[in-house]
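S.K.: Coordinates for the following, if possible.
(chains A and B)
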Amino acid sequence: MTQSNRLSGGQIDRNTTVNFRFDNRNYTAHPGDTLASALLANDVRLIGRSFKYHRPRGLLTAGSEEPNGIVELRSGNRQEPNTRATTTEMFDGLEAQSQNRWPSLKFDALGVNDLFSNFLSAGFYYKTFMWPAAFWEKIYEPIIRRAAGLGSLSMEADPDEYDKGFRHCDLLIIGAGPSGLMAALTAGRAGADVILADEDFRFGGRLNSETFSVGDQSGSDWAAQAVAELSSMPNVRLMARTTVIGAFDHGIYGAVERTGDHVATLPAGKPRQILWRIYTKKTLLCAGSTERPIAFENNDRPGIMMASALRTYANRFAVTASQRVAIFTNNDDGHRTAADLHAKGVHICAVVDVREDAPVNYDYEVLSGAQVVNTKGRLGLTFVEVALPDGSTRTLECGALGVSGGWNPNVHLTCHQRGRPVWNDDLAAFVPGSNLPVGLTVAGAANGVMSTQGALQSGAEAAAAALELSVAQPVLPEAEDTPIAQKPFWYVEGCKRAWLDQQNDVTVKDVKLSYQEGFRSVEHLKRYTTLGMATDQGKTSNISALAIMAEVAGKSIPETGTTIFRPPYTPVPISTFAGRMKGQEFHPTRLTPSHYWAKEKGAVFVEVGNWLRAQWFPLPGELHWRESVDREVRQTRASVGVCDCTTLGKIDVQGADAADFLNRVYANGFTKLPVGKTRYGLMLREDGMVMDDGTAARLAEDHFVVTTTTANAVNVYRHMEFVRQCLFPDMDVQLISTTESWAQYAVAGPNSRKLLQKIVDPEFDISNDAFPFMGCGNITVCDGLRARLFRISFSGELAFEIAVPSRYGDALMRRLMTEGEEFEVVPYGTEALGVMRIEKGHAAGNELNGTTTALNLGLGKMVSKKKDGIGSTLSEREALVEPDVLRLVGIKPVSPEEKVTAGGHLMNTTGPVDAAHDQGYVTSAAYSPILNSNIGLGLLQDGANRMGEKMRLVSPLTDLTVEVEIVSAHFVDPEGERLRA
Amino acid sequence: MIINHPLLGPRDASEFTYLGDASLINRPDWQAEDAADAFYEYGYLRDNPAGEHQELWYHEAGDRSWLVVTRDTTTHEISKVELARDVARARGRSK
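M.R.: Residues are numbered from 1 along each chain as shown, chains lettered A, B, ... in the order given. Purely as a prediction, here's the structure:
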């Protein structure tokens, strides 16, 4: 197709032609175009359908404030919905589709909504879908979800990479228009570290869109020259295609750099977008301003655009939306569009100016004191109806109408720390208030300085002030310096279906209705009508709606108030926030020292926090995980098994007060623990609940090694540092986490000593007499390798834990397996570990669930009353020590094959099954290959006195009822004879 | 946010873990007659000021110092950062 709407000039590369597709049709464009300018060049005005009424819509603007020109980009798993055509940079092979239409853009079945608009006015959700309540989830919501909304997702994973980065600077300048460029030149020439960021791919801001000269150059040439000078400064970093999305605490800004959206294929390994966190000393907001519309009947037809956008398309992109253009304005700026388009040979049908004293022009007609009262054209503008001051009407035949209602400073980022903009009567607009984010100042049009000369000057001055530069002001080039007068004109009297927020389909009538129905504060107005709540955050609509609300209420605009803006300034894909933290990289993966060995053995792994642990080790022929786990349990209890328990937290506690310190953090006492002995320790939170458990081994008078559960390793360490630094700051004690320094293996089973004797160097006697139950010590293994040995047991068997420096962990596991061949040693995983600890009745994470006390776990006697232990005082609270509190018990089904379910609740054998009759619950369950029965641990009211009682284990959700017997939690070796063997 | 660590200089808040009110330093005497009540207050009752607040931050991804940070809860302005150990000592805590 030919680019029939191309004009002369522009900042596009006419020597190169690129191809793109929109709704499966081929078009051509030039580098330098946006998707929006390319569509207009090809005379495509209809681009989408509106959110609620499915009205045909085209482009309204030429920038990131665009509410209507929203498309889906790319295809397959790279499909991206809700992207603004106005900021989509053209490249060869670009693909885009229109959204929110079915079956096609030109014929949309849900366009019928427009006919029923009376029923779909503001608040229709709240009025229509109130009852019956059950309908909401099943009927209303699915229908609404299908009908409303914008683009669609591919439902496939995004294959591209996104990244995050950090930057620092003396001065961040947001926006590279005249004020931003002048500020950057001033700061850069003074040697400051400057970052200049702009969302556009071409620096210059409005200078690229206007025909004004700066000095003796065109505005765009001056901008290009400024950019060239800035590029040569090593202290200035230019970030194009970078939107500063938010102003955060203490001078930190978020920015999204679109590094790969403008190329057909990303270079391998390069990210599509980068989320930057920029740490600034000072920041200058040079975000410019946004033109605001005037509301009139049927003002949303494709072809009706902001006058400044028509100017941008003509001057920068060499494109007109139509060969016949009319203008509707309340200010002189609208006339600039007419002049610029006329100069490029576009026919100006008329300039409709609401002012009686509109400037006269001899090149085209100016209708003073006139207003646009209606428009025609179903899929694109064809006629504009104008009311003249004498009461007559006039119809203009045109394909585009440029609307100018004045300019609003872009105050958005000044609001991100709850700053409130203030009303400026001269501008009839909100300007930044006094309560700005720390270190931020505002210059140029964003601060209400609307002329080019003013922008250059305020940029230079603001940069000098921010950096406290004492040097003389640079000589500024001469530029346009027209005084600005904006007399507000918000909407044409008598209009009803006159759109304010085109993206969320909010009309003048909706705002009036909101007032009538009592939703009068701006916050209520916003939520009731959804005004400003679409992806454009109401950049072109909020102020007009506010003005109308003020008028209906008979108040001034400042009295009515304003809403403030939140980050992000423009929408950001979730992928960008995620960066590389997705899939397996969502959190770090910690591998145990025996990981690679376990992988060789075909182990099945399970995630335990960040750790990957071997869950079981299947042998050939084992078809079900239970076969492997049962074998590992049986073999460990019959001979010997080895399990990697490196993941348990290890904390080295040293110092003269180490024992005293442990006395405080544990509920039980440690001062009398002799060197060479280990003790089980129970740690409470200050509220008396159990925090964690573990062991503390005393390697020397002033040296303990403490273990924690895998899950609580970080919390316990943090807590111990809190106790040390905040509660007992003068204790002579030092802590360090050594979890990753030592590889530690449990060697359990009746042959564990015999196996270890083969590797422990002969000078260390580990016989039962020399190294009894709970013994510990520094030893060497395998001819001099330093190691630590602890005779502790989680399985209930004769067992040891042996630790060597991590780098020897892999070798030690291999050695244990080789040396253990004669005992048919078996490696066991977390499942077998769990089965054995349940058989032994040891509490673990399921029991230490944050709601249990020492008494609940049958460990009440461990809480010493003779010392100041954390949590001991509050553990004695009345409700925690009542006689019938939950107690840890064992649970065994009357028929061994019946299932015990963790989470199931215990009920008396007769009586109702409900919460009021709940007696307790099952915390852990397993199949015990030793007892040949399912078994469980649970917490039961007054459980210690209910041994032998029959109960019902119920899980109404899974329809489970099992008759069970309450037994001791110690299923295996209750007297502990094996431990001490 | 940026926390100006007394030993390490300005550090990003993401390196820290937040605990809460620095009154947690004022752990009651376990042997006092009203110990049960005092521990109840210590454990459960907190002021929730709109304005200046002394609170505990832990430099978990750094040097593991506990800090007392004085922060305005309405503006996030940080007016003072101290080592919790020094604050604890100043409040009379020892062994």
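
S.K.: what about residue 41, neighbour count?
M.R.: I'll assume chain A. By the measure other CB atoms under 10 Å in any protein chain shown, the count of residues near residue A:41 is 28. All C-beta atoms are positioned from the backbone trio N, CA, C, and that covers glycine.

S.K.: try again with chain B
M.R.: Neighbour count of residue B:41, defined by other CB under 10 Å: 14.

S.K.: so is it in a helix, a strand, or just coil?
M.R.: Following DSSP: H, G, I helix; E, B strand; the rest coil, we place residue B:41 in the helix state.

S.K.: part of a helix, is residue A:653?
M.R.: No: under three-state DSSP, residue A:653 sits outside any helix and is assigned strand.

S.K.: quick one, what contacts residue A:655?
M.R.: Neighbour list for residue A:655: A:661, A:702, A:731, A:732, A:733, A:734 [criterion: CB atoms under 8 Å, 6 or more residues apart in numbering or on different chains].

S.K.: do the same with residue B:86
M.R.: Contact analysis of residue B:86 by CB under 8 Å, 6+ apart lists residue A:729.

S.K.: Now it: which helix or strand?
M.R.: Following DSSP states H and E, one finds residue B:86 within helix B:84-90.

S.K.: got the buried residues for that helix?
M.R.: Buried residues in helix B:84-90, counted by 16 or more other CB atoms under 10 Å in any protein chain shown: B:84, B:85, B:87, B:88.

S.K.: on that earlier part again, between the contacts of residue A:655, which is nearest chain B?
M.R.: Using CB to the nearest CB, residue A:731 comes nearest to chain B of these, at 5.3 Å.

S.K.: correct me, but the closest one touches residue A:662?
M.R.: No: using CB atoms under 8 Å, residue A:731 is not in contact with residue A:662; the gap is 10.7 Å.

S.K.: neighbour-wise, which of those two wins?
M.R.: Higher neighbour count among residue A:731 and residue A:662: residue A:662, with 25 against 19, using other CB under 10 Å.

S.K.: Now residue B:19: closest residue in space that isn't a chain neighbour?
M.R.: Spatial nearest neighbour of residue B:19, chain neighbours left out: residue B:56 (4.1 Å); criterion: CB to CB, 6 or more residues apart in numbering or on different chains.

S.K.: what about residue 81, which helix or strand?
M.R.: Going with chain A. Here residue A:81 is covered by strand A:80-84, with elements defined by DSSP H and E.

S.K.: could you do chain B instead?
M.R.: strand B:78-83.

S.K.: Contacts made by that strand with the rest, please.
M.R.: Strand B:78-83 is contacted by residues A:250, A:725, B:1-7, B:52, B:65-72 when judged by CB under 8 Å, 6+ apart.

S.K.: For residue A:383, give the beta-bridge partners.
M.R.: residue A:376, residue A:397 (DSSP bridges).

S.K.: in the sheet, who's paired with the residue most central in space within chain B?
M.R.: Centroid-nearest residue in chain B: residue B:56, 2.6 Å away (criterion: CA atoms, centre = their mean). Using DSSP bridges, the beta-bridge partners of residue B:56 come out as residue B:20, residue B:68.

S.K.: same thing with residue A:891?
M.R.: Going by DSSP bridges, residue A:891 is paired in beta bridges with residue A:936, residue A:966.

S.K.: Wait, it touches residue A:922, no?
M.R.: Yes: look at residue A:891 against residue A:922 with CB under 8 Å: they come within range, at 6.0 Å.

S.K.: Comparing these two, which residue is more hemmed in?
M.R.: Counted by other CB under 10 Å, residue A:891 and residue A:922 do not tie: residue A:891 has more neighbours, with 28 against 24.
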